[in-house]
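In: sequence plus the predicted model coming up.
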Amino acid sequence: MYNIEKPDFHDELIKELLYWIEVNLNDRLTMESASKKTGYSPWYLQRLFKSKTGYALGKYIRDRRLTMAAIALRLTNMPILDISLYYSYDSQQTFTRSFKKNFAETPAVFRRNREWNMGGITAPLLLNEFPQPAYEIVELPQMAFVGQTTRHNYPIEALFNPKNHVHRDALHHYLKEPASLQGEVWGLSDCGPGEEQNSMMEIVYTVGREKVPGYNDDQKTSLIIPAGRYLKIDYPHELGRLNDYILYVYSVFLPTLGLQFRISHDLEKYSQVSAKNGITCEYYIPVA
């Protein structure tokens, strides 16, 4: 989020403009349309936006549009031509040139890569800032889980709107039970293209515990997570802000580390030990 030491009446205007940009990224946004939205001349609006955010308005819009196109490439099955048209590029060729300039590879190569390099991603300025987290790289063994799995489909535009993310509601409800943390509770999330529509992303979310040898319950999901390398971050904030935090980590923090992450489950570990230490959960991101 932009940092303003002395708030004035322009702050709310810039905030409203940022919301307007986010919900209209698939429209042909121009300096003239932004000027009409705010009531200021293009020249004055550009100076105001730069002074408040540190970004040039036109570049911010272009970078946010390319970021959402990159996410659509990885998390939906939309054809590249459809993505280019959806984000208001004149042609697939124009989109490919802009995309390669920003991400150093073509959209087709970016989509096929097994790992995901977060370089080139521009986070929305409306994303709540968090203190830079402490982290460590850890190796986790293969783990087996048993629990309840739900599937949720979201339009790609909902990614940066936490109000649309309901997949963790079952976990929130479960953790309110007094006996829930007598053993470790895990949340496992996997995000990818939806099966119902090309333009939808799907989040498969499991609330579970590590499987005990000999345990068998046909009414629950059994899930095996292979051994691997993870970025481990302790999350000390309230549970309701976790989705904002995950978006912050992926779009703001990870690009500064130069890490690539593996396409696998993100892991959330809840326990009495972490709670006593003032930590809501330990969050694990699979990295290459």
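Out: Cool, got the structure. Note that the structure is predicted; figures quoted are calculated from it, not measured.

In: now the element after the longest strand along the chain, going C-ward?
Out: Assignment by DSSP state E gives strand 143-155 as the longest strand of the chain. Next in sequence after strand 143-155, counting helices and strands by DSSP states H and E, comes helix 169-175.

In: can you point out the buried residues in that following helix?
Out: Neighbour counts over helix 169-175 (16 or more other C-beta atoms under 10 Å) mark Ala170, Leu171, Tyr174, Leu175 as buried. No exception for glycine: its C-beta is placed from N, CA and C like everyone else's.

In: try stretch 73-92
Out: Buried residues in stretch 73-92 (16+ other C-beta under 10 Å): 73, 75-78, 80, 83-87, 89, 92.

In: ends of it, what's the gap?
Out: Stretch 73-92 has its terminal residues 13 Å apart, counting by C-alpha to C-alpha, to the nearest Å.

In: can you tell me what sits against that stretch?
Out: 25-29, 65-66, 68-69, 72, 94-96, 98, 107-108, 110-111, 116, 156, 159, 191-194, 198-201 (C-beta atoms under 8 Å, 6 or more residues apart in numbering).

In: how about the longest strand of the chain: buried residues?
Out: Buried residues in strand 143-155 (16+ other C-beta under 10 Å): Phe145, Val146, Gly147, Thr149, His152, Tyr154.

In: gap between stretch 121-140 and the chain center?
Out: Computed by C-alpha atoms, centre = their mean, to the nearest Å, the chain-centroid distance of stretch 121-140 equals 10 Å.

In: picking that back up, show me what the longest strand of the chain is packed against.
Out: For strand 143-155, the packing partners by 3 or more C-beta pairs under 8 Å, 6 or more residues apart in numbering; DSSP states H and E come out as strand 185-193, strand 200-210, strand 221-225.

In: one more time with 6 Å, if that's ok
Out: Secondary-structure packing of strand 143-155 (3 or more C-beta pairs under 6 Å, 6 or more residues apart in numbering; DSSP states H and E): strand 200-210, strand 221-225.

In: tell me the gap between the longest one and the middle of its chain.
Out: So the one you mean is strand 200-210. With C-alpha atoms, centre = their mean, you get 15 Å for strand 200-210.

In: repeat for the last one
Out: On the basis of C-alpha atoms, centre = their mean, strand 221-225 sits 23 Å off its chain's mean C-alpha point.

In: what residues of it count as buried?
Out: Thr221, Ser222, Leu223, Ile225.

In: related to what we said a few turns ago, what's the closest of the buried residues of helix 169-175 to Leu259?
Out: Distance to Leu259 across the buried residues of helix 169-175 (C-beta to C-beta) is lowest for Leu171, with 26.1 Å.

In: tell me the confidence at that closest one?
Out: You'll see Leu171 listed with a pLDDT of 80.

In: surely it and Val207 touch.
Out: Yes. With contact defined as C-beta atoms under 6 Å, Leu171 reaches Val207; the gap is 4.9 Å.

In: what is in contact with the two at once?
Out: Shared contacts of Leu171 and Val207 (C-beta atoms under 6 Å, 6 or more residues apart in numbering): Gly187.

In: low pLDDT regions in this structure?
Out: 1-9, 127-128, 160-165, 178-181, 196, 214-220 (pLDDT under 70).

In: what about the strands in it?
Out: Going by DSSP E, the chain shows strands at 115-117, 135-140, 143-155, 185-193, 200-210, 221-225, 228-235, 260-262, 266-270, 281-286.

In: quick one: buried residues of the lengthiest helix in the chain?
Out: Ranked by residue count under DSSP state H, the longest helix found in the chain is helix 57-75. Neighbour counts over helix 57-75 (16+ other C-beta under 10 Å) mark 57, 60-61, 63-73, 75 as buried.
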